[in-house]
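Visitor: quick one, fold the following:
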Amino acid sequence: MLETGTITRFADVGHFSSYCRCVDSKRISNGKKKGEGNVKNGNKYLAWAFIEAAAVALRCCPQARRFYERKKAKRLPVVAMKALAHKLARAAYYMMRDGKPFEVKRCFS
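Guide: Here you go, the predicted model:
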């Protein structure tokens, strides 16, 4: 919360995920890559924190582990870890916006 500031400054969850560097900044037209945006845009500390949170979730949460294994079967392990971090960033946004605690069932269902 200290790195984010007020959550109302983000229009939606996608803007928050982008600020946390949890999504790619590619530009695609007609299925072809046309360039990249500013990949260093956002908060590097939040990016690090969500990767660390994903690593802890892998050890402690069987639902997160199952999500990671499913992603890792189709992509590289690094991409699967980033997908898990993105899922946790989305959950954090909704937790801060609504003021409700984390619910594993809603996050990984």
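Visitor: switch to C-alpha atoms for all contacts and neighbour counts from now on
Guide: Noted.
Visitor: pretty sure residue 35 sits in a strand.
Guide: Yes: under DSSP: H, G, I helix; E, B strand; the rest coil, residue 35 falls within a strand.
Visitor: for it, which residues are in contact?
Guide: Neighbouring residues of residue 35 by CA atoms under 8 Å, 6 or more residues apart in numbering: 26-28.
Visitor: you'd agree residue 102 is in a strand?
Guide: No: read with three-state DSSP, residue 102 is coil and lies in no strand.
Visitor: distance check, it against residue 96.
Guide: Relative to residue 96, residue 102 is positioned 10 Å away (CA to CA, to the nearest Å).
Visitor: farthest residue from the center of this protein?
Guide: Here the chain reaches farthest from its C-alpha mean at residue 30, the gap being 25.9 Å by CA atoms, centre = their mean.
Visitor: what does the model give it for pLDDT?
Guide: Looking at residue 30, its pLDDT reads 89.
Visitor: now residue 5
Guide: 86.
Visitor: can you confirm it is in a strand?
Guide: No: if the criterion is three-state DSSP, then residue 5 is coil and not within a strand.
Visitor: tell me the one of the contacts of residue 35 nearest residue 42?
Guide: residue 26 (14.8 Å; CA to CA).
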